[in-house]
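A.B. asks: Predicted coordinates and the sequence they were generated for:
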Amino acid sequence: MHTELDTIVLNQRCDSPMVSKTLETARLPNIPVLSVSVKDAIKQKLDSISQLKWESDQENAFVVGDIGEVYRQFLRWKALLPRIEPFFAVKSNPDPMVVKLLQSLGLGFDCASKAEIQIALETGADPSRIIYANPCKQASYIRYAAQQNVAKMTFDNADELYKIKKFYPNAELVLRILTDDSKSLCQLGIKFGAPLDTVDHLLQTAKDLDLNVIGVSFHVGSGCYDQYAFSEAVNLARGVFDKAEAMGFNFSLLDVGGGFPSADVTDGVTFEKIAAVLGPTVDALFPPNIRVIAEPGRYFVASAFTVCTNIIARRSKINNEQPSFMYYVNDGMYGSFNCIIFDHQVVQPHVLAKDGHFAYGEELEEKHYECSVWGPTCDSIDCLNKKTTLPLLSEGDWLYWNNMGAYTVCSSSQFNGFKSPEILYTNTYC
């Protein structure tokens, strides 16, 4: 999964005092963390199920979260973008173990609501390391941010400035500008971002209200597949800095937003390619006294979580005299797989266990059949994969799904009475 960077940065010894202390600090009370591979963690879980055959709900779906993978992503970021401080986007995965680990590593947090601010604060984050990065905020949430001294917050319109003036006049404001996000899977510009032709008016309004604007932010969109979108946005931000300076502002912060791919992206626009463009552009346009932060979310967590589902039913069909199958599993689009709708993800099943044989990581040398995979609810949109191929499976067999850590469990509901899956933790770094 990882590149040659593994041999440069990711080979820190786990038994070094710094690493072991950090990972130990990140542990939460009463939540066990294994020190085995993801494969072995899953096998232990399945073995425990087989020994409890008559226990209620014993075949429920479950998730394995690898905090070691999150740590490796931290090391990769520090190696390739050392100047840019990551503020983890809590919305992507507010898992308490993940948040605690990242807080222990000194990361900041990008929060979009009162609840997310509470999560960061309760984990031990200093208010100065939180940015309330939602340009359109509920008034009571602004009051809460003021009570907690969470000063940094974004805006992109004049109405928000008047609201902030009323409820938090001492806030440290960051102007979110509109950039080209047409080369991203999730285009956020249709909802947020000040067009450049409104910047003068917004800065003048802030000046008239005696508000403290400290910098500029942007977001090139989630799932960006053009590394040069970042450099183009940084150039736009530089222009706003210059405009603000001419108006008497003294900006000190640049927020380059999110859109960074996770470790599972090894072709096309990888994190390494973005870093090779973004880092030098920032250094060329902004002097060292300008603080630069980012809002990565999926980058840290997508590849760290694996979902395991049990096949609860099967339907057989005949298409052009060829058999095909519909498999139903016990997690779906109203659960961990809501990323299919909300995050435009394409998920792919892999055989985990077939006829009692543990098959994680194996390519089964047997005939494959066309099939579809469906979630457990009564809603017909609850389809995880409309067309794929798998060997012939039966009720009771298991599938697993990689790269399921971003915008998955955090958005799950209990529609039709299906609960969110249990999360088990392991640490593959140590």
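C.D. replies: Sure thing, it's come through.
A.B. asks: In space, what's closest to the spatially most central residue of the chain - neighbours in sequence excluded?
C.D. replies: Centroid-nearest residue in the chain: Arg298, 2.7 Å away (criterion: C-alpha atoms, centre = their mean). Among residues not flanking Arg298 along the chain, Ala406 sits closest, at 3.5 Å (C-beta to C-beta, 6 or more residues apart in numbering). (Each C-beta comes from the backbone N, C-alpha and C, glycine too.)
A.B. asks: Could you say which helix or strand holds the one you found?
C.D. replies: In this assignment (DSSP states H and E), Ala406 forms part of neither any helix nor any strand.
A.B. asks: That one contacts Val301, correct?
C.D. replies: Yes: counting by C-beta atoms under 8 Å, Ala406 does reach Val301; the two are 5.3 Å apart.
A.B. asks: between these two, who's got more neighbours?
C.D. replies: More neighbours surround Val301 than the other of Ala406 and Val301, with 30 against 26 (other C-beta atoms under 10 Å).
A.B. asks: which other helices and strands contact the helix or strand hosting that one?
C.D. replies: Assigned by DSSP H and E, Val301 belongs to helix 298-301. Under the contact criterion of 3 or more C-beta pairs under 8 Å, 6 or more residues apart in numbering; DSSP states H and E, helix 298-301 touches helix 67-80, strand 85-89, helix 96-104.
A.B. asks: so how far is it off the chain centroid?
C.D. replies: Centroid separation between helix 298-301 and its chain, computed with C-alpha atoms, centre = their mean, to the nearest Å, is 4 Å.
A.B. asks: average pLDDT across the next helix-or-strand element following it?
C.D. replies: Following the chain from helix 298-301 toward its C-terminal end, the next helix or strand by DSSP H and E is strand 305-319. Strand 305-319 comes out with an average pLDDT of 92.
A.B. asks: For strand 305-319, list every residue counted as buried.
C.D. replies: Going by neighbour count (16 or more other C-beta atoms under 10 Å), the buried part of strand 305-319 is Phe305, Thr306, Val307, Cys308, Thr309, Asn310, Ile311, Arg314.
A.B. asks: likewise stretch 45-53?
C.D. replies: Using 16+ other C-beta under 10 Å as the test for burial, stretch 45-53 gives Leu46, Ile49.
A.B. asks: Can I get that stretch in PDB? Just the C-alpha atoms.
C.D. replies: Extracted C-alpha coordinates of stretch 45-53, given in PDB (Å, rounded to 0.1, in the frame of the first residue of the first chain):
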ATOM      1  CA  LYS A  45     -13.100 -12.100  15.800                       C
ATOM      2  CA  LEU A  46     -14.500 -14.700  13.500                       C
ATOM      3  CA  ASP A  47     -13.000 -17.500  15.600                       C
ATOM      4  CA  SER A  48     -14.700 -16.100  18.700                       C
ATOM      5  CA  ILE A  49     -18.000 -16.100  16.700                       C
ATOM      6  CA  SER A  50     -17.600 -19.700  15.700                       C
ATOM      7  CA  GLN A  51     -17.200 -20.700  19.300                       C
ATOM      8  CA  LEU A  52     -20.400 -18.900  20.300                       C
ATOM      9  CA  LYS A  53     -22.700 -20.300  17.700                       C
END
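A.B. asks: Run the chain-centre distance for that stretch.
C.D. replies: Distance, stretch centre to chain centre, for stretch 45-53: 31 Å (C-alpha atoms, centre = their mean).
A.B. asks: got it, and stretch 90-99?
C.D. replies: On C-alpha atoms, centre = their mean, the centre of stretch 90-99 falls 8 Å from the chain's centre.
A.B. asks: what's in contact with that stretch?
C.D. replies: With contacts defined as C-beta atoms under 8 Å, 6 or more residues apart in numbering, stretch 90-99 is touched by 26-28, 31, 33, 65, 67, 70, 88, 109-112, 116, 119-120, 123, 297-298, 300-301, 304-305, 405-410, 423, 425.
A.B. asks: got it, and stretch 74-87?
C.D. replies: So stretch 74-87 is contacted by 2, 5, 8-10, 12, 102, 105, 107-110, 129-131, 133, 255-256, 263, 271-272, 275-276, 278-279, 282-283, 291-296, 299-300 (C-beta under 8 Å, 6+ apart).
A.B. asks: right, and the helix or strand after the longest helix anywhere in the chain?
C.D. replies: Taking DSSP state H as the criterion, the chain has its longest helix at helix 228-246. Once helix 228-246 ends, the next helix or strand along the chain (criterion: DSSP H and E) is strand 253-255.
A.B. asks: Show me what the mean pLDDT comes to for the helix or strand encompassing Ser140.
C.D. replies: Of the helices and strands defined by DSSP H and E, Ser140 is found in helix 139-147. In this model, helix 139-147 carries a mean pLDDT of 98.
A.B. asks: Going along the chain, name the helices of the chain.
C.D. replies: Going by DSSP H, the chain shows helices at 17-25, 38-50, 67-80, 96-104, 114-123, 139-147, 158-167, 199-208, 228-246, 271-285, 298-301, 339-342.
A.B. asks: what's the most buried one of those?
C.D. replies: helix 298-301 (a mean of 28; mean count of other C-beta atoms under 10 Å).
A.B. asks: That one - what's its average pLDDT?
C.D. replies: 96.
A.B. asks: Need the overlap of contacts for Ala406 and Val301.
C.D. replies: Contact with both Ala406 and Val301 is made by residues Ser92, Asn93, Ser262, according to C-beta under 8 Å, 6+ apart.
A.B. asks: from the chain's centre, how far out does stretch 423-430 sit?
C.D. replies: 18 Å.
A.B. asks: Equivalent analysis for stretch 384-393, please.
C.D. replies: Stretch 384-393 sits 27 Å away from the centroid of its parent chain (C-alpha atoms, centre = their mean).
A.B. asks: Quick check: buried residues in stretch 336-349?
C.D. replies: Neighbour counts over stretch 336-349 (16+ other C-beta under 10 Å) mark Ser336, Phe337, Asn338, Cys339, Ile340, Asp343, Gln345, Val347, Pro349 as buried.
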